[in-house]
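Chemist: from the sequence below, what's the structure:
(one chain, ligands or ions: 2)
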Amino acid sequence: MIDFGYTITKDRQLDYDRGDMRYYRLVQSLEPSVDVCMECGSCTATCSAGQFTEFNIRKAHTLIRRGNTESIKAELRKCMFCGKCQLVCPRGVNLRNLILAMNRAIELLG
Ligand code: SF4
Ligand code: SF4
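Modeler: Ligands and ions are numbered 1, 2, ... in the order given. A predicted model of the protein is given here:
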């Protein structure tokens, strides 16, 4: 095969059927405001932990919404519960309680 110097990009299609949605359903029951998130990213832009680490709060709640929890288990421990994300959220998502709910879901479901 001729080497053109580029490769085919890996498929990034989301397969919701393979995600474990038990986590999201539990998080939803503990903090229903998660449903009004519009993924604007303001929470991530102001996050204190994000200034010093690779922590990305929007990515964390997006992954749990997709049923992908493996990569966020250790990430959530980086949150300092300062509440800045909650102050700037245009949809009024109760982010601190959402983080507690995500931790609780991981604790209960493994
Ligand atoms: S700031 Fe609020 S609406 Fe925007 S991504 Fe974060 S939680 Fe969602
Ligand atoms: S409460 Fe956690 S996620 Fe929100 S801004 Fe503070 S460190 Fe970031």
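
Chemist: C-alpha only now, for contacts and for neighbours.
Modeler: Noted.

Chemist: what helix or strand does the residue nearest the centre of the chain sit in?
Modeler: With distances taken as CA atoms, centre = their mean, the residue of the chain nearest its centroid is A60 (1.7 Å). When elements are assigned from DSSP states H and E, A60 belongs to helix 57-65.

Chemist: now swap in A101 and tell me
Modeler: Under the assignment given by DSSP H and E, the secondary-structure element containing A101 is helix 95-109.

Chemist: chain center to stretch 64-72, what's the gap?
Modeler: The chain centroid and the centroid of stretch 64-72 are separated by 7 Å under CA atoms, centre = their mean, to the nearest Å.

Chemist: okay, it in CSV with CA atoms only?
Modeler: As requested, C-alpha coordinates have been extracted for stretch 64-72 and formatted as CSV (Å, rounded to 0.1, in the frame of the first residue of the first chain):
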residue,chain,number,x,y,z
ILE,A,64,-21.2,9.5,33.3
ARG,A,65,-24.1,10.6,31.1
ARG,A,66,-22.7,8.3,28.4
GLY,A,67,-22.3,5.4,30.7
ASN,A,68,-18.5,5.6,30.8
THR,A,69,-17.3,5.7,34.3
GLU,A,70,-13.9,4.0,34.3
SER,A,71,-11.8,7.1,33.6
ILE,A,72,-13.5,9.4,36.0
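
Chemist: wait, does the helix holding A60 make contact with ligand 1?
Modeler: Yes: for a cut-off given as CA under 6 Å from any ligand atom, helix 57-65 has contacts with ligand 1, namely R58.
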